[in-house]
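> model this:
(one chain, ligands or ions: 1)
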Amino acid sequence: MPSDPRLLFISGSARAGSFNRQLAQLGAKIADANGLMATFADLGDYPMPLYNGDDETGNNVPENARKLLAVMAAHSGIFIASPEYNASISPLLKNSIDWVSRVRDDGNAGLEVYKTRVFAIGAASPGGTGGMRGLVAVRNVLEMGLNALVLPDQVLLARAKNAFDEHGHLNDKDAQDRFKAVIVKLARAARLLHG
Ligand SMILES: Cc1cc2nc3c(=O)[nH]c(=O)nc-3n(C[C@H](O)[C@H](O)[C@H](O)COP(=O)(O)O)c2cc1C
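Presented below is the predicted three-dimensional model:
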């Protein structure tokens, strides 16, 4: 594990024009501008079938679950931008999280990666609540389901259609500063945990 924290920014939506992708990409940009090593990951680049226990005989998980796990393992802090679907987590994000948790190549590698990274979560929504209700589900999956450490701070972006300028920055500079503060805290927490 490198001594400098490496931050991974994941979008829980692979939709063309996704607001959550824009949020995750902005996070990576802010981290980079503040001297932090940052990577953006699009779950659309790691397609996996909808989880069915019948597909998982022995150690049989999709190769993309192993690839996504490897990317997560190469970072010590992970920010996830998750769309709110009917007050809950997106199927894409849940399915990806579930498959990664099933990787057993190296002991319990799939479960270990959640226990040993620091997470921060956020959401962007065209509605007025900024995807806040969906994050309750995301937090529950990570904390209760996977024993992950998730920062209490959350990034909420309401009325996302008009939130970004032509450079992908937030029109609301205070909101962008708050996002930066969460990223800096994530880096600090990742450094503390990983030395
Ligand atoms: C099935 C479905 C359910 C949705 N439920 C909510 C919701 O509960 N709250 C909300 O703010 N937006 C809801 N939306 C709207 C999404 O926030 C919107 O489609 C958003 O753009 C998705 O994120 P993305 O832009 O990153 O793809 C829902 C959309 C879909 C397709």
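> centroid residue for this protein?
residue 80 (1.9 Å; Cα atoms, centre = their mean).
> that's a helix at it, yeah?
No. According to DSSP: H, G, I helix; E, B strand; the rest coil, residue 80 belongs to no helix; its state is strand.
> show me which strand runs longest in this structure.
strand 149-157 (DSSP state E).
> report the mean confidence score over that one.
When pLDDT is averaged along strand 149-157, the result is 98.
> that older thread, quickly note the distance from the residue nearest to the centre of the chain to residue 51.
18 Å (Cβ to Cβ, to the nearest Å). Any C-beta I mention is one placed from the backbone N, CA and C, and that applies to glycine too.
> same deal with residue 66?
Residue 66 is 15 Å from residue 51, by Cβ to Cβ.
> do residue 38 as well
From residue 38 to residue 51 the distance is 29 Å (Cβ to Cβ).
> then the host helix or strand of residue 179 to PDB, C-alphas only?
Residue 179 is part of helix 173-194, with elements assigned from DSSP states H and E. Extracted in PDB, the C-alpha atoms of helix 173-194 (Å, rounded to 0.1, in the frame of the first residue of the first chain):
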ATOM      1  CA  LYS A 173     -18.900  27.500  -5.400                       C
ATOM      2  CA  ASP A 174     -19.900  26.800  -1.700                       C
ATOM      3  CA  ALA A 175     -21.100  23.300  -2.800                       C
ATOM      4  CA  GLN A 176     -17.900  22.700  -4.600                       C
ATOM      5  CA  ASP A 177     -15.900  23.800  -1.500                       C
ATOM      6  CA  ARG A 178     -17.900  21.300   0.600                       C
ATOM      7  CA  PHE A 179     -17.200  18.600  -1.900                       C
ATOM      8  CA  LYS A 180     -13.500  19.400  -1.700                       C
ATOM      9  CA  ALA A 181     -13.600  19.300   2.100                       C
ATOM     10  CA  VAL A 182     -15.100  15.700   1.900                       C
ATOM     11  CA  ILE A 183     -12.300  14.700  -0.500                       C
ATOM     12  CA  VAL A 184      -9.600  16.100   1.700                       C
ATOM     13  CA  LYS A 185     -11.100  14.300   4.700                       C
ATOM     14  CA  LEU A 186     -11.300  11.100   2.800                       C
ATOM     15  CA  ALA A 187      -7.600  11.400   1.900                       C
ATOM     16  CA  ARG A 188      -6.700  12.200   5.600                       C
ATOM     17  CA  ALA A 189      -8.700   9.200   6.800                       C
ATOM     18  CA  ALA A 190      -7.200   6.900   4.200                       C
ATOM     19  CA  ARG A 191      -3.700   8.100   5.200                       C
ATOM     20  CA  LEU A 192      -4.400   7.500   8.900                       C
ATOM     21  CA  LEU A 193      -5.800   4.000   8.200                       C
ATOM     22  CA  HIS A 194      -3.100   3.000   5.800                       C
END
